Every structure is written in structure tokens, then in C-alpha cells.
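Student: build me a model:
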Amino acid sequence: MKLLSASAVVTTVALVCWTDSKLDQWEEEQQDMAMNLISSVETSYDPLQEWDDLPASVQQYLSHVVLPTNSKTQQTTPKALSLQQDGEFLMKKDQYVPFTAKEVFAVNPPGFSWEGKIAMAPFAPSWFPKLFVSDSWVEQVGHFQAAVQAIVPMISLDTTTATASATATAAGDKTFDDQLALGQATRWLADAVLLPSSLQPNAGMVTWKAVDAPEKAILELPIANIRGLQLEATFDADSGLLKHVTGEKPFLRSKRDFEMKTWQVNFMDYQRQENGMMVPMKMESGWYNDEGDFEAHYKIDNLSLQYHFGNAEPPIAEVA
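Tutor: Sure thing, here's the model as predicted:
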């Protein structure tokens, strides 16, 4: 009996140590990606457009959300942003669960790292295991991983190991690798609204193209060299602020297969930050369903925005 009890204690201790080790490994990987983004060496990019060549709606928007660099409230352009988020995730149809997250978004070179912790049930207590999700685009490598409590793997994908999708056709459809990269770069393009100086011509990152409707424009990221990477931006006629971006983005239908679906991010509750930038504090991202209706998969509150101007600043602290 004593031997059985001793064996149970040893097994329990070993399991706890293994669990802690897996969790530490997960957090170290997230921290490494975040620091990689913040400390990376910037590349000098020439402007891809002149200010006067921008559509009028884009000029109005950028004038609202980015103060001139000679303003007292904004001396230099941030190279990165870190923030916390909380909100709701669509676990299944009409059922949302809470989540918390932290993100680091970098301008030059472009990239992001997002780590979310999603409740496994709508009213689960705080101690109940959560789904850990890592979503990133670092050094133009796309990565997506999900694991229960960072221990039990559910899915792990990256563009260095993904194989061609069996659904790719001879007509030239993107491979699985291409689609994952496209999805991550498309997310970067939408998240750039949180650091709107990245959307100015002098940043050398994006281009804007006029369309027939005066309140719309096409936003592209040419430096990524990814075919099909663009979003349609829609601006509010009264405020001039960006209301939403819409475009085709790969939707993960199964562990090894994407399909292209219409994706949209809505921007709300713009607030001026200490550095003079005006950014949305609330966002919704999701897909249009088969009935043609927008369905928010994430309802997001942006919190604790911290802009980084150099290599020495650490990213934000751990989120519970």
C-alpha cells in the first residue's frame, strides 16, 4: 500500500513538472517572437506613392488619425505596438465564449504575434482549462498553433513545413503554404489600423488605389510579394474614419485545407492616443456565411496600447 502511495506521489510530481515545462516552453516561444518583432533591424523603404496620388478619402482618413510629425504630441514614428485585448470568440453558431489576448504588431519589417487564451465553455470558471492560440507572421513566416492549456496540441501549422493542399488545381490555385502566408499577411494589413502611420506613403509599406465609389479604396501590401493580398477599405462619410476592411482571406476548413471566403474587420470607438494617433478601441473580425450575412468570430476590446520607438523596450506583460 505504501509503495502504491509513493508511486502515485512520484507520478503526480512528474506530471506537474512536465505540465509546467510545456507551459514554460509555450510562453518562451511567444516571448521570443514578440522580441524578434520589436528588436528587428529596420529596412529602408522608399515611398511607393506620393501623398497627392492618394484617393481623397484616404487623405482625409490619414489626416484624422496621424498628426503631423512636427506636432508636439508626436515626435517620431513608432516601429511597433504591443497591446492587450479581451472580448468574445464564436465557439460555435450563436455561442460566444470570453477570451483574453496580447499582441505585438511591427511595421518594419512587417509582422505580428498574437497569443490568445479562449474559454472552453461560455460559463467556465477561471480555473477551467483554456484553449491557447498562437497566431503570427514573423519574418514572413506564417504560424498558427492551438493547444489545450498549451499542453494538448490541437493544430500546428507554419509556412516552413506546410505541404500543398490536395484541393489545389491545375488552374493555379494557391498551395496550402501560400494560403497560410496570405491569411497571415492579410491580418497584418487589417491590424495596421492600430498603428496608422504604417499606412502613410512615407512608410513605404502599402499602396492605396481609388475605386468608383468615393468612400472606398483598395489597400495593398506590395512588399510582401503575395498574390491576391489586398483589402477594400470603406470610410465613414461623416467622420472620414475607416469603418471596415473587406477581402478574400483563406478560411481553415480542416487541419490541412483552406477555402477562400469573404472576411471583414469592423472598426469602432476611435480614441486619440498620447502620441497623437487615433485608433479603434473596439473591433469585430469575421466571415460572411453562406447566406451572405456577416458573422463576427471575434468581438474585441483593445486595451493598454504601448507604442515602441526603439529596440530596448520590452513587450507587454503576461495576460491571465
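Student: host element of the residue nearest to residue 133 when sequence neighbours are not counted?
Tutor: The spatially closest residue to residue 133, leaving aside those adjacent along the chain, is residue 116, at 4.4 Å (C-beta to C-beta, 6 or more residues apart in numbering). (Each C-beta comes from the backbone N, C-alpha and C, glycine too.) Residue 116 is part of strand 111-119 when elements are defined by DSSP states H and E.
Student: starting at the chain centroid, how far to that strand?
Tutor: Using C-alpha atoms, centre = their mean, to the nearest Å, the mean C-alpha position of strand 111-119 is found 8 Å from that of the whole chain.
Student: and that strand, what's its mean pLDDT?
Tutor: On average, the pLDDT along strand 111-119 is 95.
Student: which other helices and strands contact that strand?
Tutor: On a contact count with 3 or more C-beta pairs under 8 Å, 6 or more residues apart in numbering; DSSP states H and E, strand 111-119 meets helix 2-39, strand 80-92, strand 95-106, strand 130-138, helix 176-191.
Student: which ones are touching the spatially most central residue of the chain?
Tutor: The centre of the chain sits closest to residue 187, judged by C-alpha atoms, centre = their mean, with a distance of 5.1 Å. Residues in contact with residue 187, defined by C-beta atoms under 8 Å, 6 or more residues apart in numbering, are 112, 135, 137, 249.
Student: contacting residues for the second one?
Tutor: Residues near residue 135 by C-beta under 8 Å, 6+ apart: 113, 114, 115, 116, 143, 144, 184, 187.
Student: rerun at 10 Å
Tutor: Contact partners of residue 135, counting by C-beta atoms under 10 Å, 6 or more residues apart in numbering, are 101, 103, 112-116, 142-146, 183-184, 187.
Student: need the strands for the stretch 151-300 of the chain, in chain order.
Tutor: Using DSSP state E, counting those that start in this stretch, the strands of the stretch 151-300 of the chain run over 152-158, 207-210, 216-220, 230-235, 242-254, 257-272, 278-288, 294-308.
Student: neighbouring contacts of the first one?
Tutor: Contact partners of strand 152-158, identified using C-beta under 10 Å, 6+ apart, comprise 22, 129, 131-134, 136, 138, 141-148, 176-177, 180-181, 183-184, 252, 254-256.
Student: and the pLDDT for the closest residue to residue 83 other than its chain neighbours?
Tutor: Among residues not flanking residue 83 along the chain, residue 305 sits closest, at 4.7 Å (C-beta to C-beta, 6+ apart). According to the model's per-residue confidence, residue 305 sits at a pLDDT of 95.
Student: ok, residue 305 - contacts?
Tutor: Residue 305 makes contact with 81-84, 105, 194-195, 271, 273-275, 277, 279, 281, 316 under the criterion C-beta under 10 Å, 6+ apart.
Student: mind listing the residues bridging to residue 294?
Tutor: Residue 294 forms beta bridges with residue 288, as assigned by DSSP bridges.
Student: which residues of the stretch 151-300 of the chain score low on pLDDT?
Tutor: 160-174 (pLDDT under 70).
Student: I'd like the contacts of residue 187 laid out as a markdown table, including distance to residue 93.
Tutor: Conversion of the contacts of residue 187 to a markdown table gives the following (distance: C-beta to C-beta, whole Å):
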| residue | distance to residue 93 |
| --- | --- |
| 112 | 28 |
| 135 | 22 |
| 137 | 29 |
| 249 | 20 |
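Student: for those residues, pick the one with the most neighbours.
Tutor: In terms of neighbours by other C-beta atoms under 10 Å, these top out with residue 137 at 29 neighbours.
Student: how close does the closest residue to it other than its chain neighbours get to residue 250?
Tutor: Of all residues beyond its chain neighbours, the one nearest residue 137 is residue 184 (3.7 Å), with distances taken as C-beta to C-beta, 6+ apart. Here residue 184 is placed at a distance of 9 Å from residue 250 (C-beta to C-beta, to the nearest Å).
Student: which one of the two has more residues nearby?
Tutor: Per other C-beta under 10 Å, whichever of residue 184 and residue 250 has more neighbours is residue 184, with 27 against 23.
Student: to residue 47, which of the strands of the stretch 151-300 of the chain lies closest?
Tutor: Proximity to residue 47 (C-beta to C-beta) singles out strand 207-210 among the strands of the stretch 151-300 of the chain, at 9.8 Å.
Student: check which helices and strands that closest one sits against.
Tutor: helix 56-65, strand 216-220, strand 230-235 (3 or more C-beta pairs under 10 Å, 6 or more residues apart in numbering; DSSP states H and E).
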